[in-house]
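*Asks:* below are the sequence and a predicted model for it; my questions follow.
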Amino acid sequence: MERQIITKLQKTFEDYAHQEEGVEFWFARDLQKLLGYVEWRKFQGVIEKAKEACKNSAQDINDHFVGAAKTIDMPKGATKEIEEYKLTRYACYLIAQNGDPRKLAC
């Protein structure tokens, strides 16, 4: 990969970081877009592979993949709760490592 592309991706990744009580995290649905996944259900498979890799590295999955619900707006003023994860930097790394290498990152 060209250095310029890597630098752009790193900056974009860092722009999506959040802080809560001094802990840095990323939302899985943001990472999904950054890694070029259109469908959540396909990205969930990558998350599951990353969780397995986390477990295999003797890390506690719950320390790196925190389940969180997100409310989104629907037509006609309705709302819907969708599945979401708060991810550590390590979880993001594992997801990127276990993702489809043919995907074009944003």
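*Replies:* That came through, no problem.

*Asks:* how much space separates the residue minimising distance to the centre of the chain from I82?
*Replies:* Among the residues of the chain, the one closest to the centroid is A28, at 2.9 Å (Cα atoms, centre = their mean). Distance of A28 to I82, computed by Cβ to Cβ, to the nearest Å: 11 Å. C-beta here means a position set from N, CA and C on the backbone, and glycine is covered the same way.

*Asks:* same check, this time on E24
*Replies:* With Cβ to Cβ as the criterion, E24 and I82 are 23 Å apart.

*Asks:* mean confidence score for the helix ranked longest in the chain?
*Replies:* Counting by DSSP state H, the longest helix found in the chain is helix 40-56. When pLDDT is averaged over helix 40-56, the result is 96.

*Asks:* got the buried residues for that helix?
*Replies:* For helix 40-56, a neighbour-count test (16 or more other Cβ atoms under 10 Å) marks F43, V46, I47, A50, K51, A53, C54 as buried.

*Asks:* my read: the third one touches A28, true?
*Replies:* Yes: checked against Cβ atoms under 8 Å, the pair I47 and A28 is within contact range at 6.4 Å.
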